[in-house]
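1. generate coordinates for the sequence data below:
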Amino acid sequence: MAYLFVIAIILALVFGPGIWVRRVLEKYSQPADRYAGSGASLARHLLDKHGLQSVVVEPTETGDHYDPIAKAIRLTQDNHDGCSLTAITVAAHEVGHALQDQTSYPPLKWRTRLVGATRRIEKIGAGLLVISPFMGLLTRVPALGLLTILAGMLILGTSAIVHFVTLPTEFDASFNRALPMLDEYKILKSSDRPHARRLLTAAALTYVSASLMSLLNIARWIAILRR
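-> Sure, this is the predicted structure:
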C-alpha cells in the first residue's frame, strides 16, 4: 500500500505541472475576443516599442517560442490570430525572450549554445539506437544491448540539462520583462492582471514539466540498466 502511495506522489509531481499548465492556458483562451488586438499584433507593437523591428512574428505548429538564431517570435495559430487573454500574455512572454536576446541575457545565451550542442549529441545517441540492434544480430555480442541503453540515457540526459538551464530564462521572461511591459503600456484590463500572472507562471513552468518528464525517462533507463 505504501509503495502505491509513493508511486502516486511521484506521478503527481511529474505529471501535475503539465496538467496545470494546459488547464490554465485553455481556461483563459476564452473568450476569444477578450482584446481588440491579436497576440501577433501585440508582439509586433511591443517589439517596435523596443527597437526590435528586425524580429519577425509568424505562426507556427510547433509551439510558442522565440528563435534567437532566426530572430523570430513564433506563435501557435490560436495565439497568433486570437485575441484572448492567453494569446496576449503568451505573446508578451515571447517578446520577453526577444528582449533577453537584445540585452545578451547570459542564461539565454547559454541555453542557445546548449541547444546547438545537445542536438548534435542527440543525433549521435539516436544513431546508436538505430544501429545497435543490427550490430547485435550481426556480432551476437550481448553488450550491444547495453550500448542501446547508454545511447538512450545520452539522449534523455542532454534534454534534461537544456530544460533545467531554461528555467531561469523562462521566469525572467515572464516576470522581469513581460509583466512590466503589460503594466507599462496598460495592455491588460485591470481585472485580468492576476490571471495574467497565472498565465505567465504557466508559461514559465512549461519547461519544468518537460524537465520532470526527462528525469522520469532517465530513471526508467537506469532501472532497465540495473536488470
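
2. going by C-alpha atoms from here, please, whenever you check contacts or count neighbours.
-> Fine.

3. so what touches stretch 177-185?
-> 46, 89, 92-93, 95-96, 99, 188, 197, 200 (CA atoms under 8 Å, 6 or more residues apart in numbering).

4. of those residues, which pair is most distant in space?
-> Greatest spatial distance among those (CA to CA): 99 and 188, at 19.7 Å.

5. show me which of those two is the more surrounded one.
-> Higher neighbour count among residue 99 and residue 188: residue 99, with 20 against 17, using other CA atoms under 10 Å.

6. quick one, what contacts that one?
-> 50, 177.

7. related to what we said a few turns ago, make JSON lines from the contacts of stretch 177-185 and add distance to residue 56 to it.
-> Output for the contacts of stretch 177-185, formatted as JSON lines (distance: CA to CA, whole Å):
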{"residue": "46", "distance to residue 56": "12"}
{"residue": "89", "distance to residue 56": "18"}
{"residue": "92", "distance to residue 56": "14"}
{"residue": "93", "distance to residue 56": "15"}
{"residue": "95", "distance to residue 56": "11"}
{"residue": "96", "distance to residue 56": "14"}
{"residue": "99", "distance to residue 56": "13"}
{"residue": "188", "distance to residue 56": "23"}
{"residue": "197", "distance to residue 56": "25"}
{"residue": "200", "distance to residue 56": "22"}
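
8. from these, which is closest to residue 20?
-> Nearest to residue 20 among the contacts of stretch 177-185, with distances taken as CA to CA, is residue 200, at 12.6 Å.

9. so who does the closest one touch?
-> 89-90, 93, 174-175, 179.

10. any idea how far residue 97 lies from residue 107?
-> Counting by CA to CA, to the nearest Å, the separation of residue 97 from residue 107 is 11 Å.

11. one more: residue 82?
-> Counting by CA to CA, the gap from residue 82 to residue 107 is 30 Å.

12. next: residue 204.
-> With CA to CA as the criterion, residue 204 and residue 107 are 14 Å apart.

13. of the two, which one has the most company?
-> Remark: of residue 204 and residue 107, residue 204 carries more neighbours, 23 against 18, as counted by other CA under 10 Å.

14. for residue 161, give me its contacts.
-> Residues near residue 161 by CA under 8 Å, 6+ apart: none.
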